[in-house]
Structures are given as structure tokens and as C-alpha cells.
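Q: Structure for the following, please:
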Amino acid sequence: MAALAYRHQDQSDLFADRQMPTAHEMPMRSTAGLVGRRFTAWRGRSGRRYVASVFALGDEHALGFTDAVLLAVSEDRRILAARDSGPFGVEAALTRWQQAVARAGASEIHVHLLAEDGISRRAALLDLMPEV
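A: Okay, the predicted model is just below:
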């Protein structure tokens with residue numbers, strides 16, 4: 001029995017140093033032939049896939065969605081920040097966020113609209129947010 005406990009301990013030590021993978025973009029094959037990028041997909045740390053609409057950073061439409069997951073994306077295709085737009089899309093708060101992510105180097109905002117409720121949006125945010 002001691003040998004089994006020791007082996008189990010060794011196996012868990014193998015995973016102790018392993019870092020969670022970061023979220024990464026996986027462009028959609030179905031839109032590959034289209035001019036311009038209108039949609040993309042992100043793979044979260046969990047392996048789950050999130051489809052998002054792509055907007056230029058200054059596009060006002062990106063901040064007009066309610067109950068959405070907003071991703072600030074850099075030119076080198078990294079998520080710099082993520083947030084829930086909220087049920088009311090509070091314009092002042094979203095505008096401050098947009099300005100802050102612009103200063104951090106964001107060039108696009110990706111909007112994930114398929115999370116149906118607050119719990120789903122929170123799970124998506126946790127899965128996609130960059131590690132600090």
C-alpha cells in the first residue's frame with residue numbers, strides 16, 4: 001500500500017510544475033476565404049472553443065452589445081484584457097475600458113455573444129482571461 005501512495009505522490013509531482021496553457025486564437029476555416037476578418041474563434045485554457053465577432057478597437061458597435069464577453073486583442077493575437085459588457089452596457093465604464101486597453105496595445109475587440117447567462121459569461125472570462 002505504501003508503494004501505491006508513493007507512486008501516486010510522484011505522479012502528482014509531475015503535474016505540479018505544469019502551467020495551464022494560455023488561451024489562443026483559432027481562426028475559423030469556414031470564413032478563411034472571405035475578405036476581411038469578421039469572425040474568429042478562441043480556444044480557452046480548458047480547451048473550450050469560443051466564437052467571437054471581430055471589431056476594430058475604435059468601432060463603437062463593439063461596445064453596444066449587452067450580456068457579452070469582450071476581449072481586447074493585440075496585433076500579435078494575444079488577449080490583453082477581458083470583461084463582461086453587463087446587462088445594460090454602461091457606456092461610460094465601457095469607454096474607459098476601451099481607452100485603457102488601447103493604451104495597453106489592443107488593436108481589436110472580439111465580442112463573444114453565445115454565453116447565455118451570467119454564469120456562462122463568468123466561466124468564459126475565467127477561461128479566456130490572460131494570466132497576470
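Q: per-residue confidence for Ala2?
A: Turning to Ala2, the model gives it a pLDDT of 38.
Q: and stretch 59-67, how far out from the chain's middle?
A: Chain-centre distance of stretch 59-67: 16 Å, with CA atoms, centre = their mean, to the nearest Å.
Q: in this protein, which spans are helices?
A: Along the chain, counting by DSSP state H, helices occupy 2-16, 91-103, 118-128.
Q: show me where pLDDT drops low in the chain?
A: Flagging of the chain using pLDDT under 70 yields the residue ranges 1-21, 28-37, 89, 132.
Q: Tell me the bridge partners for Ala82.
A: Leu71 (DSSP bridges).
Q: I'd guessed it sits against Leu128; true?
A: Yes. Counting by CB atoms under 8 Å, Ala82 does reach Leu128; the two are 5.4 Å apart. Every residue, glycine included, has its C-beta placed from N, CA and C.
Q: Now do the shared contacts for these two.
A: Taking CB atoms under 8 Å, 6 or more residues apart in numbering as the contact rule, Ala82 and Leu128 both touch 69, 71.
Q: So what's the residue count around Leu128?
A: 24 (other CB atoms under 10 Å).
Q: next one: Gln99
A: 11.
Q: any idea how far it is from Val69?
A: 19 Å (CB to CB, to the nearest Å).
Q: With Phe88 instead?
A: In terms of CB to CB, Phe88 sits 16 Å off from Val69.
Q: Which strand residues bridge the residue nearest to Leu114 when sequence neighbours are not counted?
A: Leaving aside its sequence neighbours, Leu114 sits nearest to Val51 (CB to CB, 6 or more residues apart in numbering; 6.3 Å). When bridges are called by DSSP bridges, Val51 pairs up with Ala41.
Q: what sits against Val51?
A: So Val51 contacts 28, 39-41, 112, 114 (CB under 8 Å, 6+ apart).
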